[in-house]
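Chemist: sequence below, structure please.
(chains A and B)
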Amino acid sequence: MSENTSSSHKAAHKAATHIVIVGHVDHGKSTLIGRLLHDTGNLQDGKITQIIESSKKRGLKIEWSFLLDSLQIERDQGVTVDSTRMPFRLNEREFVIVDAPGHRQFLRNMITGAADAEAAVLVVDASEGAREQTRRHAMLLHLIGIRHIIVLLNKVDLLDFNQERIHHVQKEVEALLSKLDLKAEVFVPASAWEGDNISQKSNHMPWYAGPTLTEALSQVPLPTPRVDLPLRLPVQDVYRFDNKRYVVGRIERGCVYVGDTLVIGAQKTPARVASIETWHTPPRTSASAGQSIALILEPDVIPDRGDLLHTSQTPPMEASRLKARLFWLRKEPLRVGETFRLRLATAEHTVTVSSILSVVNLDDLTERPDIEVPPEGFAEVILSASGTIQFDPFTPGTTDGRGVLVDRQQRIVGGAPIIGPAEIKIGDKSVHPTLSAITSKDRAKIKGHKGGVFWLTGLSAAGKTTLARAVENYLFTQHVDVCVLDGDTLRAGLCHDLGFSEKDRTENVRRTAEVARLLQDIGHVVLVTLISPLRSDRDLARRIIGDSFKEIFIDADLTLCEQRDPKGLYAAARAGKISHFTGIDAPYEVPSSPALHIQTGHGTIQSHAMKLAKFIEENVLLEDIFCKRP
Amino acid sequence: MGYEAMDHLDQLEAQSVFILREAYRTLKPLAMLWSLGKDSNVMIWLAKKAFLGRVPFPVMHVDTGKKFPEMYKFRDEYAKIWELDLLLGECPPVEEMDPSLPPAARSAARKTAGLSAMIEKNKFQGVIAGIRRDEQGTRAKERVFSPRGASHKWDIRNQPPEFWDQYATPHEEGMHIRVHPLLAWREIDIWRYIQRENIPVVDLYFSKNGKRYRSLGDLDITFPVESHASTLTEIIAELEITKTSERSGRAMDHESEDAFERLRVAGYL
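Modeler: Okay, the predicted model is just below:
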């Protein structure tokens, strides 16, 4: 190491403080950031000219948001597509400003920028007060553990800088935050557009004695080092280089010293730290929170990735059922019974959502029981695993309990800060679905095609079953694993307890969709023939089945169906012998945008069947030459 | 307690080492891009820190054939000294590139094509690249683990969530992940680290006759900037006060407002 690493050198370059700027769309986030960077001399030469040019080109006066909205589409459509980060220096202190979009897929992008922030600036348009996204953003700050909050009451010029009116808005935001156990450090009345109270004290508000925004930022405390807490070292990997075994990972909190005896993970094997290995760094006898290190252990045990190294006096908690908060990022809702991988630092566990305790109502921030968590929703859930999970409850300012849920397609679908262990209550359903180790990709490779569900909806006698059976025959000759789930056939067995009331019909659809999904998961092409007259029911099926659900509308008008009437059902319904008959005394809701629309009023069965078969093949066959079917 | 508080460089280093180890664990096969510039030298250095003195995966140089002679000399020398498993890749001629791109961007697009071909040939699931957020607006919107579909395109509108050090994993045939361990570093951090660690760099970065290169690309589309900084200390002092952009000498950034974005969406670094 060079001699430049003196202690004075170290003191000069403290880590940058991350500040996330949040707030309702159009409350002035981007203008604020532009103003802040400009007034504090943090803009590069030519940047202003560039912004003025870009603004002019689109017929706008100076548009500060173009500083951050660097993408063409963002400037053209006037929306922020993704979060961005800008370095920013205030006197001697380094900051990183994180800007997150206010609307589209906000949660996903905001969490990406905000999760590591030490403080937040919540921008509220003082003339509008708190809005839906103000509540959402505050909720998220609460969930990810950001506790230093500066509220910027923006656009106070629109309230004529009137103390009483501004104070009124402040009270409202205070009340909102207190519902979330949050308390703002300071409320700064400001006008980002005019520059009032950003870096210059406003002379329009002599009554205000508090700090400007830049003063408030310099008062954000530096993060406390987590070195005094008990040791947590999650194993990231184990290397074998040159006959030496290195156990590597980042210390999340605490310190480790050569000679310490550590306990390894859930199996609780003890091992001694023989040495801390480095390359091109002076030899070490200790290491502390934040450092990525490599250990040699004695005896030469082989931990697994995810094992937590800790001391025997201060073990983590253990449980197989965890209570967690949840912010849900998938575009489909979450329902009880779904299975995920829970990532906790470097560990991964299979967990099932065994219950949804409550869902947050974002209109008033109250919690109430619900059967599903909507997209971008917040909830409290119980996650159950088959084995023991070692964890520390989520604590702001540490990395403890930062659970993340990953779905079967390896997508990150939610954040789950762990609250603590969940006791099993009498009456809880003990459901523990498991996952197959064989992936759908593996199955598709062998078969040469993917699984899929083709949901044929239409009136009775529209031709659903006839077509499905014809296509089944054809695909079978093409070596496709295909099957038909026929409404009548199912009602004879699986669903024989159901009638034709709306409730029973929904249950019929739900069961059929669940069976279709199971078959699809093992690689089958499933043709479902079910009248399924209600749009909400078909949407339910779509949710259960997922992306591979394809709605096929088998369309024939009622008169034609009544003429065909192969089972004599229309006649019976007209005669009043059966009730709730679709088309006669129960509605059929036409699909608004089916994946395929087949009108059976004209053309031959043969041509309709080929059209459907072709559509299916396009959707399920693999093109990869390595996967050619026999 | 006997621990030494971490400074900014210590923290950046620790985080980059963590990222490199995640990539090595989860993405196989993995490779690192070496553009021969200051950032990718730092990246190789960080890999050696992460893997105790070695780089346990191939290092790729996608060669446009138009680099400075000093850069080729540097490459051949340090590939040996650092014991790198060096993979060289060629780029197709400029005539095969999208003619609607402005000239310098069109020339730079050759590198994208060369890179794509190497990724496909070697079926790399992870490619480590040394881009930084402070270099350019579209890079500021990048993820540390940035998934690329089978066409290698960057889908800016659909980037996955990335938080609490949990990164994306490939979930489809033919896709790969671009890993960006230097995303949080700034230009001045790179130079301070180079100075602290004594990391060698091509001497084109140091001022001769009142000019130096701040960023290195192809000979014909990279220009030196006015500067008298001829030592590391002087470069750092210059960066502490400068207000011009690092890439001001890179022609393709300035041809049209969206030239760089178009390059990046198509798979450029």
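Chemist: what's the pLDDT at the closest residue to chain A within chain B?
Modeler: Closest residue of chain B to chain A, C-beta to the nearest C-beta: residue B:137 (2.5 Å). No exception for glycine: its C-beta is placed from N, CA and C like everyone else's. Per-residue pLDDT puts residue B:137 at 76.
Chemist: ok, how many other residues are close to it?
Modeler: 20 (other C-beta atoms under 10 Å in any protein chain shown).
Chemist: and for residue B:232?
Modeler: 20.
Chemist: surely residue B:260 is in contact with residue B:140?
Modeler: No. Counting by C-beta atoms under 8 Å, residue B:260 does not reach residue B:140; the two are 12.0 Å apart.
Chemist: what do these two both touch?
Modeler: Listed as contacting both residue B:260 and residue B:140 by C-beta atoms under 8 Å, 6 or more residues apart in numbering or on different chains is no residue at all.
Chemist: count the residues that sit near residue 135.
Modeler: In the absence of a named chain, this looks at chain A. Under the criterion other C-beta under 10 Å, the count of neighbours that residue A:135 has is 21.
Chemist: um, chain B though
Modeler: 24.
Chemist: name the residues of the longest helix seen in chain A that are buried.
Modeler: Ranked by residue count and defined by DSSP state H, the top helix of chain A is helix A:502-521. Residues of helix A:502-521 classed as buried by neighbour count (16 or more other C-beta atoms under 10 Å in any protein chain shown): A:505-513, A:515-517, A:519-521.
Chemist: again with stretch B:142-160
Modeler: In stretch B:142-160, counting by 16+ other C-beta under 10 Å, buried: B:142, B:143, B:144, B:145, B:146, B:147, B:148, B:152, B:154, B:156, B:159, B:160.
Chemist: which ones among those residues lie within strands?
Modeler: Under the assignment DSSP state E, those contribute B:145, B:146, B:147, B:148 to strands.
Chemist: now those as CSV including pLDDT and distance to chain A?
Modeler: Below are these laid out as CSV (pLDDT from 0 to 100; distance: C-beta to the nearest C-beta, whole Å):
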residue, pLDDT, distance to chain A
B:145, 96, 10
B:146, 94, 11
B:147, 93, 10
B:148, 91, 15
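Chemist: what lies in contact with stretch A:502-516?
Modeler: Contacts for stretch A:502-516 (C-beta under 8 Å, 6+ apart): A:453, A:455, A:485, A:487, A:490-491, A:494-495, A:498, A:526, A:528, A:530, A:532-534, A:536-538, A:540-541, A:544-545.
Chemist: and the residues you listed, which are buried?
Modeler: A:453, A:455, A:485, A:487, A:490-491, A:495, A:498, A:526, A:528, A:530, A:532-534, A:537-538, A:540-541, A:544-545.
Chemist: overlap between the residues you listed and the residues near chain B?
Modeler: When C-beta under 8 Å from any C-beta of the partner chain is applied, no member of these is adjacent to chain B.
Chemist: after the longest helix of chain A comes which helix or strand?
Modeler: strand A:525-529 (DSSP states H and E).
Chemist: what parts of the stretch 201-350 of chain A come near chain B?
Modeler: Residues of the stretch 201-350 of chain A lying near chain B (C-beta under 8 Å from any C-beta): A:225, A:227-228, A:236-237, A:239, A:241, A:246, A:248, A:250, A:255, A:277-281, A:286-288, A:290-292, A:294, A:305, A:329, A:343, A:345.
Chemist: helix, strand or coil for residue A:233?
Modeler: strand (DSSP: H, G, I helix; E, B strand; the rest coil).
Chemist: what is the burial count for it?
Modeler: Neighbours of residue A:233 using other C-beta under 10 Å come to 29.
Chemist: contacts only, for it.
Modeler: Counting by C-beta under 8 Å, 6+ apart, residue A:233 has contacts A:249, A:250, A:251, A:252, A:254, A:256, A:262, A:293, A:308, A:309, A:310.
Chemist: the fourth one touches residue A:398, doesn't it?
Modeler: Yes. When contacts are counted by C-beta under 8 Å, residue A:252 is listed as touching residue A:398 (7.5 Å).
Chemist: show me which of those two is the more surrounded one.
Modeler: Neighbours were counted for residue A:252 and for residue A:398 using other C-beta under 10 Å; residue A:252 has more, 22 against 18.
Chemist: give me the phi and psi for the more buried one.
Modeler: phi -80, psi -40 (degrees, to the nearest 10).
Chemist: thinking again about what came up before, now the two most distant members of the buried residues of stretch B:142-160.
Modeler: By the measure C-beta to C-beta, B:144 and B:152 form the most distant pair in the buried residues of stretch B:142-160, at 18.1 Å.
Chemist: which one of the buried residues of stretch B:142-160 is nearest residue B:182?
Modeler: residue B:144 (9.7 Å).
Chemist: need the contact list for the closest one.
Modeler: B:19, B:162, B:167, B:179, B:180, B:181, B:183.
Chemist: below-threshold pLDDT in the stretch 1-150 of chain B: ranges please.
Modeler: Residue ranges of the stretch 1-150 of chain B with pLDDT under 70: B:1-4.
Chemist: quick one, strands of it?
Modeler: B:30-33, B:59-63, B:86-90, B:126-128, B:145-148 (DSSP state E, counting those that start in this stretch).
Chemist: which of these is buried the deepest?
Modeler: strand B:126-128 (a mean of 26; mean count of other C-beta atoms under 10 Å in any protein chain shown).
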